[in-house]
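Colleague: Prediction below, plus the sequence it came from.
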Amino acid sequence: MNELAARLAALDADAGAALQVIAYFDSLVEGRAGLQSIVRGAAVLAGCPARLDDDARRVHIRMLPDGIAAPLPGPADGSWPGQPVGTAMLRLERAGEPGPVDAMVLERATGAAGAVLDRTRGRAPARDPAAVELVVDASAPADVRLQAARRLGLPVHGTAYAVALASGECRLAAAGTPAPTTRAGIGPAVPLLDLPESHRAARTALRFAAEGTDEDPGETSVHFEELGALAVLAAVPHPAGVPDVRALEHAAGGASWVLTTLHAVASTSSLRAAATVLCLHHSTLQDRIGHAEHLLGWSVREPQGRLRLQLALTLRRLHRHPS
Amino acid sequence: MTTTRALPPPFDPELGAALAAMADSLPPAVTPDMIPALRQRGAGPRTTDDELRRDGRFSIEERAVPGLDGDPDISLLICRPTAPTGTLGCLYHVHGGGMFLGDNRTGVPQMLLDWAEEFNLVVVSVEYRLAPETQHPGPVHDCYAGLLWTAEHAGELGFDPDRLMIAGASAGGGLAAAVALMVRDLGGPALLGQMLIYPMLDDRNNTPSALQMAGLGIWDYTANQTGWGALLGDAAGGPDVSPYAAPARAEDLSGLPPAFVEVGSAETFRDEDVAYASRIWQAGGQAELHVWPGAFHGFDMTMPTAQISRDARRARVAWLNRLFNA
């Protein structure tokens, strides 16, 4: 039995244990310990396997609590407690919420690992617009595109997806890494050479992404794959000319709450749910819907009318975000 | 004129981290007044018979055997593999503990039984009398008497007398080296090898490493002074110390069994242990020396999970493999 781990177990939840964990990792940093030592420290002190994954730098280290390096048995489980540092993620392979010592181990080990990653493995690849442009250019030679993808830290034999941002910027990310939470269109995960398709899809999805304001209510990040048949609406040449869109604009001019109210009605499964989303009393919502229907010229409470509303809202958004 | 002490070598990062985390409970210095408390703490969870039996893979026995020249009986812990896969050898073990701590189960389950399983060894561990209650030569005589009994009873214990080795760590390493000297000088049973793990060899306590590491790591200058003082009283460091008490005092290191000597670069014993291996070579003997960089005394027991501890254990097993199988 490891003397230090045993002592920590005995001190669990005690301030003494936290101080020892801090002293341990501070000393590792001071001694310029490597990544294996840091991940091993996390595994030994937490008493469960620990792993450090950094797809961008292709760093994968897994240690068992007895200090042995062990191969990765598979992708990390999203339910394990973990802490990100830059493009890396340190996880403890343990079910459930981390205990107080675990949380301290994660925090300290992650800090130590981040410093070592930056020092020894180079900064995570900077966003390189030229390289991204090359990867999503289907007319460029395949080997050149793969080289650019490798430079961007993408998994050469894995899959990746494109993200189109409101700024016009395109980003590429390995499958499984989280997408941005700002307004974005997200393409499907594909083999690297198919990224031009993912990029096209992401740009289309971006048009369906709302700003999330009263003027433009709706989801701010949209996955192309979730659009389904709605995606064909992107081909409509002049959405603003569609009569239902004109009616919607007319209704929107009637009161500031019209668009958010209609969006809530169109995107929830019941009026009660819509009232909850809007923080309105049920009867107030009924009154508002009646008013909006009067302005629109059709009922939004019947399935047919709901579909008309959904299409009108979508076409209005496509008009606001032209390709 | 002022002299400045040389900077100590840095600790291995993982070992240094363990030391930093345990600083409050592992003071480098040990003074004589701390002995009772240390004994009490060490007496905590004693290794149980079940731990030693390893699910029936060992049979265990505590055997009282005669001391040397009318000394009181001593107790030997005997762990025998119940299903050996080859010719049995014997590892005769002398526990550590600064001459004043520990018992014959110290270190046995952690390390010796693994080797016993891998190399088909009977483990015999001696309960020698401790200092300061028993000063030199009592402890080393007990160790020698236990070895004599073990060799004489090779048939009963079932091991090949040509496959008998001695091993010890820290104070146990010093006593093991001393027993090897006694065997040579007194015509005792032939030893196949002596495994000296960071052995405590030199009561003079004045090497550069002893001075350089004072106040640092584990078992520093002060602690070493306490250990030798317990064993030798006022004679420690003086002109008339026997090599059977402090093997570094031996004039002649020829004719000894092959030695495995291991020590950390960041501990009191570094220079006396390196010198002991060098002097064995100079005397025409065989020794294998490992100096683990940045390791403090007992590093592998304090932080067994550290990479360097794993590497040190592997080196021991590799030597044992050459000793018994090559």
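Modeller: Thanks, I have the structure now. Quantities reported herein were computed from a predicted structural model and do not represent experimental measurements. Numbers count the residues shown, from 1 in each chain, chains lettered A, B, ... in the order given.
Colleague: Every contact and neighbour count from this point should use C-alpha atoms.
Modeller: Fine.
Colleague: So what does A:Arg94 look like in phi/psi?
Modeller: When read as degrees, to the nearest 10, the backbone of A:Arg94 gives phi -150, psi 140.
Colleague: Please save the CA atoms from the lengthiest strand in chain A in CSV.
Modeller: Taking DSSP state E as the criterion, chain A has its longest strand at strand A:159-165. The C-alpha coordinates for strand A:159-165 follow below in CSV (Å, rounded to 0.1, in the frame of the first residue of the first chain):
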residue,chain,number,x,y,z
THR,A,159,-13.2,12.3,-38.1
ALA,A,160,-13.7,16.0,-37.7
TYR,A,161,-16.4,18.6,-38.3
ALA,A,162,-16.5,22.2,-39.6
VAL,A,163,-18.0,25.1,-37.7
ALA,A,164,-19.2,28.2,-39.5
LEU,A,165,-19.2,31.3,-37.3
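Colleague: helices or strands up against it?
Modeller: Applying 3 or more C-alpha pairs under 8 Å, 6 or more residues apart in numbering or on different chains; DSSP states H and E, one finds that strand A:159-165 contacts strand A:170-174, strand A:184-186, strand A:190-191, helix A:195-208.
Colleague: Mean neighbour count, these: which tops it?
Modeller: Across these, the average number of neighbours (mean count of other C-alpha atoms under 10 Å in any protein chain shown) peaks for strand A:184-186, which reaches a mean of 30.
Colleague: And for that strand, what's in contact with it?
Modeller: Strand A:184-186 has contacts (C-alpha atoms under 8 Å, 6 or more residues apart in numbering or on different chains) with A:161-166, A:179, A:198, A:201-209, A:220-224.
Colleague: which parts of the stretch 51-200 of chain A sit against chain B?
Modeller: When proximity is defined as C-alpha under 8 Å from any C-alpha of the partner chain, the stretch 51-200 of chain A approaches chain B at A:65-68.
Colleague: Give me the buried subset of the residues you listed.
Modeller: For these, a burial check counting by 16 or more other C-alpha atoms under 10 Å in any protein chain shown picks out A:65-68.
Colleague: Which pLDDT value goes with B:Ile218?
Modeller: At B:Ile218, the predicted lDDT confidence score is 94.
Colleague: For it, which three-state class applies?
Modeller: At B:Ile218 the chain is in coil, as set by DSSP: H, G, I helix; E, B strand; the rest coil.
Colleague: quick one: it from chain A, how far?
Modeller: Here B:Ile218 is placed at a distance of 15 Å from chain A (C-alpha to the nearest C-alpha, to the nearest Å).
Colleague: wait, what's in contact with that residue?
Modeller: B:Ile218 makes contact with B:26-29, B:267, B:296-298 under the criterion C-alpha under 8 Å, 6+ apart.
Colleague: Make a ChimeraX selection of whichever of the residues you listed turn out to be buried.
Modeller: The ChimeraX command for the buried members of the contacts of B:Ile218 (criterion: 16+ other C-alpha under 10 Å) is given here:
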select /B:27,28,29,267,296,297,298
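Colleague: nearest spatial neighbour of A:Gly47, skipping sequence neighbours?
Modeller: In space, and not counting its chain neighbours, A:Gly47 is closest to A:Pro65: 5.2 Å by C-alpha to C-alpha, 6 or more residues apart in numbering or on different chains.
Colleague: Repeat that for A:Val258.
Modeller: Using C-alpha to C-alpha, 6+ apart, the closest residue to A:Val258 is A:Ala252 (5.4 Å).
Colleague: gap between that neighbour and chain B?
Modeller: Between A:Ala252 and chain B the computed distance is 65 Å (C-alpha to the nearest C-alpha).
Colleague: Below-threshold pLDDT in the chain: ranges please.
Modeller: I'll assume chain A. Scanning chain A with the threshold set as pLDDT under 70 gives A:1-15, A:122-127, A:178.
Colleague: nope, chain B
Modeller: In the predicted model of chain B, residues B:1-5, B:42-45 satisfy pLDDT under 70.
Colleague: top helix in it by residue count?
Modeller: When chain B is parsed with DSSP state H, its longest helix is helix B:307-325.
Colleague: Which other helices and strands does that one contact?
Modeller: Using 3+ C-alpha pairs under 8 Å, 6+ apart: helix B:307-325 touches helix B:113-119, helix B:299-302.
Colleague: circling back to that earlier point, for the residues of the stretch 51-200 of chain A next to chain B, which one is nearest chain B?
Modeller: A:Gly67 (4.5 Å; C-alpha to the nearest C-alpha).
Colleague: Quick check, that closest one in contact with A:Val44.
Modeller: Yes: at 6.5 Å, A:Gly67 counts as touching A:Val44 under the criterion of C-alpha atoms under 8 Å.
Colleague: Check the contact lists of these two and give me the overlap.
Modeller: Common neighbours of A:Gly67 and A:Val44 are listed as B:Thr305 (criterion: C-alpha under 8 Å, 6+ apart).
Colleague: Show me where chain A has its helices.
Modeller: Using DSSP H, the helices of chain A run over residues A:3-10, A:15-30, A:35-46, A:100-120, A:129-135, A:142-151, A:195-208, A:224-227, A:243-252, A:258-267, A:271-278, A:282-296, A:303-320.
Colleague: right, so of those, which gets closest to B:Asp234?
Modeller: helix A:3-10 (35.1 Å; C-alpha to C-alpha).
Colleague: B:Trp149 falls within a helix, correct?
Modeller: Yes: counting by three-state DSSP, B:Trp149 is located in a helix.
Colleague: Enumerate every residue touching it.
Modeller: Contacts for B:Trp149 (C-alpha under 8 Å, 6+ apart) come out as B:65-66.
Colleague: okay, now residue 213: neighbour count?
Modeller: All of this refers to chain A. Counted with other C-alpha atoms under 10 Å in any protein chain shown, residues neighbouring A:Thr213 total 11.
Colleague: think we crossed wires, I meant chain B
Modeller: When counting by other C-alpha under 10 Å, one arrives at 26 neighbours for B:Met213.
Colleague: Could you check how far it is from B:Phe11?
Modeller: According to C-alpha to C-alpha, to the nearest Å, B:Met213 and B:Phe11 sit 11 Å apart.
Colleague: List the residues that contact A:Thr181.
Modeller: Going by C-alpha under 8 Å, 6+ apart, the list of residues near A:Thr181 reads A:220-221.
Colleague: what's the spacing between it and chain B?
Modeller: Taking C-alpha to the nearest C-alpha, one finds A:Thr181 at 39 Å from chain B.
Colleague: Got the phi and psi for that residue?
Modeller: Per-residue torsions, A:Thr181: phi -100, psi 0 (degrees, to the nearest 10).
Colleague: B:Asn224 - nearest residue in space that isn't next to it in sequence?
Modeller: The shortest distance from B:Asn224 to any non-neighbouring residue, by C-alpha to C-alpha, 6+ apart, is to B:Asn205 (7.0 Å).
Colleague: That neighbour is in contact with B:Ala223, isn't it?
Modeller: No: applying C-alpha under 8 Å, one finds B:Asn205 not in contact with B:Ala223, separated by 10.2 Å.
Colleague: residues in contact with the residue nearest to B:Arg249 when sequence neighbours are not counted?
Modeller: In space, B:Arg249 comes closest to B:Pro243 once its chain neighbours are excluded; the distance is 4.8 Å by C-alpha to C-alpha, 6+ apart. B:Pro243 sits next to B:178, B:249-250 when contact means C-alpha under 8 Å, 6+ apart.
Colleague: The residue nearest to A:Gly47 against A:Ser37, yeah?
Modeller: No: with contact defined as C-alpha under 8 Å, A:Pro65 does not reach A:Ser37; the gap is 12.0 Å.
Colleague: So what's the residue count around residue 281?
Modeller: Chain wasn't specified; assuming chain A. As a burial measure, A:His281 scores 11 neighbours (other C-alpha under 10 Å).
Colleague: think we crossed wires, I meant chain B
Modeller: If you count neighbours by other C-alpha under 10 Å, B:Trp281 ends up with 15.
Colleague: For residue 247, which residues are in contact?
Modeller: Just going to use chain A. A:295-297.
Colleague: try again with chain B
Modeller: With contacts defined as C-alpha under 8 Å, 6+ apart, B:Pro247 is in contact with B:174, B:177-178, B:181, B:201-202.
Colleague: which residues sit in contact with B:Ala17?
Modeller: When contacts are counted by C-alpha under 8 Å, 6+ apart, B:Ala17 touches A:23-28.
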